[in-house]
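Trainee: Sharing a sequence plus its predicted fold:
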Amino acid sequence: MREGRGRIVSGMICAALCETLFGLSYVFTKDTTGRATPLMLLGWRFTVAFIAMTLCVLAGIMKINLKGKPKKPLILIAALNPVIYFTAETWGISKLTASESGAFLACIPIASLMTSTAILRIRPSIRQTAGILITLIGVLATVFASGISASFSPSGYAFLAAAVISYALYSVGVSKASGYTEAEMTYAMLMLGAAVFSAAAAAEALMAGKLETLLLLPLRDKAFLSAVLYQGICCSIVAFFLSNMAISRIGVNRTASFIGLSTAVSIAAGILFLKEPFTPLQGVGALLVLAGIYVANRGSARKEA
């Protein structure tokens, strides 16, 4: 009983830490806008992450053992996230306004809940559904706090819809991949991400005649280097590991309820570190996000005791 309660508590902590790390990434990546293309950042991010985790495996800090285990489930998880998710998100955001993009991505918890119900046959509790809906309202409130605008780009909507669906399916895939450790799933995600995004960044740079710029960018630009190191180590290795652990321990629905936390953290980080303006609607949105997480998870660990 206590062991079950411990898994629930540790899973909730993992989910909260994961979204906190994602929320703080805004501080590190904002200064890279205009200095590098999204593919450059993604290519370097996953290359650094893969190299760093490989060194951890070689040093015995993390253990990977895939002997005798089927590789298809790992490839599917890694293809959904990061490859499809980040590709679709990057292209979608480039074609839409900030409010549209935020509104679409705020739907990830709802999509995760629906796919979990349809594929895993796990029905969310009334409390989980209510909590996720409250969180969704909170995220939308913070997104629209800076104004509502629309681009009416069908292709942009299609890309972000694909990003939302791929993330939801990734969550289900992790939940079903019980034969793998969190480290093994994370390593597969980083390996495929590094292969795909570094190749795409190199191709883009070659076509633009900027291959030297791509290769030397981390050495020439400290802001870019900081963004790559944070996203590579904190967001890719640590946050992905925490995400996989959270889904494995508390399930898709409960993990999804924490996703909006990254929005609240990014707002707080922008105000504290970047001296960005704060509006009352943002404050209301952040409080609703926290209230939604509380409602969705209230009494969860106690029931397992």
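Mentor: That came through fine. What you see is a predicted model; the values in this text were computed from it and never measured.

Trainee: Mind giving me the packing neighbours of the helix or strand hosting residue 171?
Mentor: Applying DSSP states H and E as the criterion places residue 171 in helix 154-176. If contacts are counted by 3 or more CB pairs under 8 Å, 6 or more residues apart in numbering; DSSP states H and E, helix 154-176 sits against helix 72-78, helix 85-95, helix 98-105, helix 108-115, helix 240-256. In short, each C-beta sits where N, CA and C put it, glycine included.

Trainee: With just CA atoms, put the last one into PDB.
Mentor: When you say that, I think you mean helix 240-256. Taking C-alpha atoms only, helix 240-256 is exported to PDB below (Å, rounded to 0.1, in the frame of the first residue of the first chain):
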ATOM      1  CA  PHE A 240      12.100  13.600 -21.100                       C
ATOM      2  CA  PHE A 241      13.300  11.100 -18.500                       C
ATOM      3  CA  LEU A 242      10.900  12.700 -15.900                       C
ATOM      4  CA  SER A 243       8.000  12.700 -18.400                       C
ATOM      5  CA  ASN A 244       8.500   9.000 -19.200                       C
ATOM      6  CA  MET A 245       8.800   8.200 -15.400                       C
ATOM      7  CA  ALA A 246       5.600  10.200 -14.600                       C
ATOM      8  CA  ILE A 247       3.600   8.500 -17.300                       C
ATOM      9  CA  SER A 248       4.800   5.100 -16.200                       C
ATOM     10  CA  ARG A 249       3.900   5.800 -12.500                       C
ATOM     11  CA  ILE A 250       0.800   7.800 -12.600                       C
ATOM     12  CA  GLY A 251      -0.600   7.200 -16.000                       C
ATOM     13  CA  VAL A 252      -1.500   9.400 -19.000                       C
ATOM     14  CA  ASN A 253      -4.500  11.200 -17.500                       C
ATOM     15  CA  ARG A 254      -2.800  12.300 -14.300                       C
ATOM     16  CA  THR A 255       0.400  13.300 -16.100                       C
ATOM     17  CA  ALA A 256      -1.600  15.400 -18.600                       C
END
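
Trainee: Please compute how far it lies from its chain's middle.
Mentor: 12 Å (CA atoms, centre = their mean, to the nearest Å).

Trainee: same deal with stretch 12-25?
Mentor: 9 Å.

Trainee: average pLDDT for it?
Mentor: Average pLDDT, stretch 12-25: 96.

Trainee: what residues are up against residue 295?
Mentor: With contact set as CB atoms under 8 Å, 6 or more residues apart in numbering, residue 295 has these partners: 127, 130, 131, 134.

Trainee: among those, who's most crowded?
Mentor: residue 131 (27 neighbours; other CB atoms under 10 Å).

Trainee: That residue: which element?
Mentor: Going by DSSP H and E, residue 131 is part of helix 126-143.

Trainee: Give the rounded mean pLDDT of that helix.
Mentor: Averaging pLDDT along helix 126-143 yields 94.

Trainee: List the buried residues of that helix.
Mentor: 128-129, 131-143 (16 or more other CB atoms under 10 Å).

Trainee: Surely residue 86 and residue 42 touch.
Mentor: Yes: the pair residue 86 and residue 42 qualifies as a contact (CB atoms under 8 Å) at a distance of 6.0 Å.

Trainee: any low-confidence regions in the stretch 1-150 of the chain?
Mentor: Of all residues in the stretch 1-150 of the chain, those with pLDDT under 70 make up the ranges 1-3.

Trainee: Could you pull up the residues touching residue 138?
Mentor: Each residue near residue 138 by CB under 8 Å, 6+ apart is listed here: 260, 263, 264, 284, 285, 286, 287, 288, 289, 290, 291, 292.

Trainee: can you count the residues close to the last one?
Mentor: Read that as residue 292. 25.

Trainee: helix/strand/coil for it?
Mentor: helix (DSSP: H, G, I helix; E, B strand; the rest coil).

Trainee: residues in contact with it?
Mentor: 131, 132, 133, 134, 135, 136, 137, 138, 257, 260.

Trainee: And the furthest pair within the residues you listed?
Mentor: 137 and 257 (13.1 Å; CB to CB).

Trainee: quick revisit: where helices are concerned, which of the contacts of residue 138 count?
Mentor: When helices are assigned by DSSP state H, the members of the contacts of residue 138 inside them are 263, 264, 284, 285, 286, 287, 288, 289, 290, 291, 292.

Trainee: Between the two ends of stretch 202-217, how far is it?
Mentor: With CA to CA, to the nearest Å applied, stretch 202-217 spans 13 Å between its terminal residues.
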